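> mind looking at a prediction? Sequence and model below.
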Amino acid sequence: MLHDFAFAISASSSPFAVGQPTLRRSQCRTRQRSGVARVSMSVAVVFATTTGKTEDIANRIADLFPDSKGPVNIGDKPKMADFDGIIAGAPTWNTGADEMRSGTEWDDYLYDELPNQNLTGKPVAVFGLGDCVGYGENFCDAMEELASCFEKQGARIVGMVPTSSYDFEESKSVRGDKFVGLPIDEDNESDLTDERLSTWCEQVKQEMK
């Protein structure tokens, strides 16, 4: 089984390079007031968790989106169509599975609730928690399942991240040279999480416009 998930940044010209300052909530608000990367839309941060790590990351993302709704536990069965944008996160516990990879309440929601919702054109960003050392051959696989299920309902995926910053073996969440969302590895690279979240959230704000 997998643990709840994160990602590795290389010191390069990548937008995810190490050394970028971490945005705190007050800084994020300042930038929004100045008109930089402002999102004047209803964005929901939704998640499911088993150990609490995914919920922690969801809370940290919500801090970088001060006007966001949530975090909302997917077990509450939110109606995604009620929001202008969605940020969805999950761990990967059912390693190697083709479906229901998360091992959380997402497994039922994706196939029982989501198919009844029209999300045409709605921007969706996904993040996943994983372990690139212990489960490097199934790194953050659940992200791809979330992205694909949302796309089937007409959503457009934003917030893809280059794989070049990561050290892993295989992942179903890779398309070309990018992950479908943001991998987070709190087991091995928690010291990089703040910078990665900060950079990714700014990217998502821009791409959700």
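Thanks, I have the structure now.
> against which helices or strands is the strand or helix carrying P183 packed?
Element membership for P183 (DSSP states H and E) is strand 182-184. Secondary-structure packing of strand 182-184 (3 or more Cβ pairs under 8 Å, 6 or more residues apart in numbering; DSSP states H and E): strand 123-129, helix 193-207. For the C-beta atoms, the positions are set from N, CA and C on the backbone; glycine is no exception.
> can you tell me the centre-most residue of this protein?
The chain has F127 as the residue nearest its centroid, 1.7 Å off, counting by Cα atoms, centre = their mean.
> sorry, back to before: show me the one of the helices and strands packed on strand 182-184 that comes nearest W106.
For W106, the closest of those is strand 123-129, at 10.6 Å, according to Cβ to Cβ.
> in its sheet, what does that closest one sit against?
Using DSSP bridges, strand 123-129 pairs in its sheet with strand 85-91 (parallel), strand 156-158 (parallel), strand 182-184 (parallel).
> and the next helix or strand after the second one, which strands flank it?
Of the helices and strands lying after strand 156-158 in sequence (DSSP H and E), the nearest is strand 161-162. Paired strands of strand 161-162, with direction, are strand 178-179 (antiparallel) (DSSP bridges).
> where in the protein is pLDDT low?
For the chain, the stretches flagged by pLDDT under 70 are 1-40.
> wait, G121 sits on I157?
No. G121 is beyond contact range of I157, at 11.9 Å (criterion: Cβ atoms under 8 Å).
> the more surrounded of those two?
Counted by other Cβ atoms under 10 Å, G121 and I157 do not tie: I157 has more neighbours, with 19 against 8.
> for that one, which non-adjacent residue is closest in space?
Counting by Cβ to Cβ, 6 or more residues apart in numbering, A147 is the residue found nearest to I157 once chain neighbours are left out, at 5.0 Å.
> quick one: classify that neighbour as helix, strand or coil.
Look at A147: counting by DSSP: H, G, I helix; E, B strand; the rest coil, its state is helix.
> hang on, it packs against F179?
No. Using Cβ under 8 Å, A147 is not in contact with F179; the gap is 9.5 Å.
> so these two - more neighbours on which side?
More crowded of A147 and F179, by other Cβ under 10 Å: F179, with 28 against 24.
> now do the shared contacts for A147 and F179.
Both A147 and F179 are contacted by S173, under the criterion Cβ atoms under 8 Å, 6 or more residues apart in numbering.
> sec struct for V46, please.
The three-state label given to V46 by three-state DSSP is strand.
> so who does it touch?
Neighbouring residues of V46 by Cβ under 8 Å, 6+ apart: 58, 70-74, 78, 80, 86-89.
> what's opposite it in the beta bridge?
Beta bridges link V46 to V72, A88 when assigned by DSSP bridges.
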